[in-house]
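Engineer: My questions concern the predicted model and sequence given below.
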Amino acid sequence: MASKLLDRLRRTLFKEGEVVASEPIDVPEDSFPESSELDDTECLSERLGGTLCFDGESAMESEDPGEASGPDSDSDFLGESVEDGFSSTDTSPVDLSPGVSSLLTCQLQESWRSLSCTVPEKLVFEVTDASVVPESSSKYVLYTIHVIQSGMFDKTPAVITRRYTDFERLHSRLRRRHGDHMERVCFPRKRLRKNFVAETIAKRSRAFEQYLTHMHSLAELRRSPTFLEFFYLGDLQAGQMLMRVGRYQEALGPLLNGLRLQEKLGCEQQGKQQPHHQQGTHWLFTLLALVTCFQELEQLGEAQEHCDRALRDVAPSPEALQQHLFHPLLIPLLQTNVRLSWKISKDKRRWEVLLQEIQDSGADVGNQPSLKEYLMKENLVESEGNTKAKVKRDDTT
């Protein structure tokens with residue numbers, strides 16, 4: 001019986017976005033629309049061919065503008081699959097003995113763990129709100145988009161708010177930098193009329209969800225600084241501005257959201273691999289900004305946690321340490337972490353030893369800039385048009 005249930009579970013689990021079942025499933029045609037339309041652009045979304053466009057006619061007939069875009073995570077679908085499996089006539093879930101039930105539960109859990117490793121994690125972009133915002137003599141629509149990690153229950157979804165012109169600017173920059181990948185991607189033109197009616201806003205919401213999903217599905221674009229900074233850079237700039245005027249409590253909101261966005265977009269791994277790259281600099285800035293804000297707010301445990309996390313990213317190898325090849329902020333980071341660890345009675349020996357090794361090597365550990373000074377002076381600008389300036393600043397560090 002257990003083997004039959006496991007076999008049915010395997011066949012009902014989805015893989016790479018497709019549902020495989022032993023029997024045909026009757027699903028309404030409008031439950032999973034294959035494409036979304038926007039304005040009067042007449043194209044077709046060809047996911048397998050690597051193209052995203054919008055069909056202005058067919059979607060109008062088959063799609064409800066107010067309909068949600070689908071399940072937020074794979075866990076919801078798994079629950080439905082297991083439920084369907086137990087309702088099948090192939091199994092009899094009643095009158096199971098405790099031993100058989102326990103064994104079955106263990107086997108199901110083990111099966112899910114092994115299968116989940118083969119399902120690649122991806123991001124879900126869901127427009128949860130769209131509101132018309134007046135601006136002097138004009139107005140615009142502001143879209144609220146949740147960025148959710150699929151394949152797991154995401155307790156901390158990140159949020160961005162963007163308007164049409166933000167997406168238009170992103171598309172233009174991606175076309176300049178990645179023309180080959182953007183060649184067949186159509187972006188909707190602006191409309192002269194009906195930009196603020198519910199139907200247009202709903203269609204655009206669905207279209208922007210598909211647009212971001214498509215961009216993220218392409219490895220070259222997914223790693224592009226232009227695409228990544230579209231999500232998180234505004235939060236970092238807002239947090240820095242609030243820190244400069246001493247509003248540390250208010251700065252925590254955008255900084256924490258920026259951290260979650262970078263985590264979901266994979267900037268942490270890029271930062272570890274290339275600490276002096278733009279994304280590595282932004283990642284470290286975020287952690288240090290949170291250290292400073294939590295310190296100022298006397299939340300020392302949270303400050304030490306983020307400081308420790310930053311140190312794990314920039315800690316040098318023994319070979320690099322011998323050659324004095326380490327991050328310019330390593331010494332002030334070590335000093336801050338040792339001090340915080342002492343205040344909260346946390347083990348600090350590892351970092352004390354590293355700091356002593358650096359001092360023994362002849363480095364000046366007494367004349368170091370504070371983390372706050374670095375954060376206030378750092379120029380957070382977009383990568384486009386700033387490459388030369390960034391390289392020059394790194395060389396003089």
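Structural biologist: Yep, that arrived.
Engineer: could you give the mean pLDDT of stretch 165-180?
Structural biologist: Taken as a whole, stretch 165-180 carries a mean pLDDT of 93.
Engineer: What are the contacting residues of it?
Structural biologist: 140, 181-182, 185, 187, 190, 208, 211, 215, 220-221, 224, 226-227, 230, 384 (CB atoms under 8 Å, 6 or more residues apart in numbering). For glycine as for every other residue, the C-beta is placed from the backbone atoms N, C-alpha and C.
Engineer: of the residues you listed, closest to Val127?
Structural biologist: Within those, proximity to Val127 (CB to CB) peaks at Phe208, which comes in at 6.2 Å.
Engineer: how many neighbours does the closest one have?
Structural biologist: Close neighbours of Phe208, defined as other CB atoms under 10 Å, add up to 22.
Engineer: among the contacts of stretch 165-180, which are in strands?
Structural biologist: If you go by DSSP state E, the contacts of stretch 165-180 have Tyr140 in strands.
Engineer: What is the nearest of the contacts of stretch 165-180 to Glu298?
Structural biologist: Using CB to CB, those come closest to Glu298 at Phe230, 34.6 Å.
Engineer: For that closest one, report the pLDDT, please.
Structural biologist: In this prediction Phe230 is given a pLDDT of 96.
Engineer: ok, now the one 10 residues further on?
Structural biologist: According to the model's per-residue confidence, Gln240 sits at a pLDDT of 96.
Engineer: How many neighbouring residues does Pro318 have?
Structural biologist: So Pro318, with other CB under 10 Å, has 8 neighbours.
Engineer: Over to Leu321?
Structural biologist: So Leu321, with other CB under 10 Å, has 17 neighbours.
Engineer: right, and it touches Ile358 too?
Structural biologist: Yes. Using CB atoms under 8 Å, Leu321 is in contact with Ile358, at 7.1 Å.
Engineer: Show me what the helix or strand where Lys203 lies is packed up against.
Structural biologist: According to DSSP states H and E, Lys203 maps onto helix 198-217. On a contact count with 3 or more CB pairs under 8 Å, 6 or more residues apart in numbering; DSSP states H and E, helix 198-217 meets strand 123-135, strand 138-149, helix 164-177, helix 219-222.
Engineer: Tell me which of the ones you listed sits nearest to Phe294.
Structural biologist: strand 138-149 (23.8 Å).
Engineer: which helices and strands sit right next to that closest one?
Structural biologist: Looks like strand 138-149 contacts strand 123-135, strand 158-163, helix 164-177, helix 198-217, helix 248-265 (3+ CB pairs under 8 Å, 6+ apart).
Engineer: okay if I get those as JSON lines plus distance to Leu334?
Structural biologist: What follows is those, written out as JSON lines (distance: least, CB to CB, whole Å):
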{"stretch": "strand 123-135", "distance to Leu334": "34"}
{"stretch": "strand 158-163", "distance to Leu334": "30"}
{"stretch": "helix 164-177", "distance to Leu334": "37"}
{"stretch": "helix 198-217", "distance to Leu334": "36"}
{"stretch": "helix 248-265", "distance to Leu334": "21"}
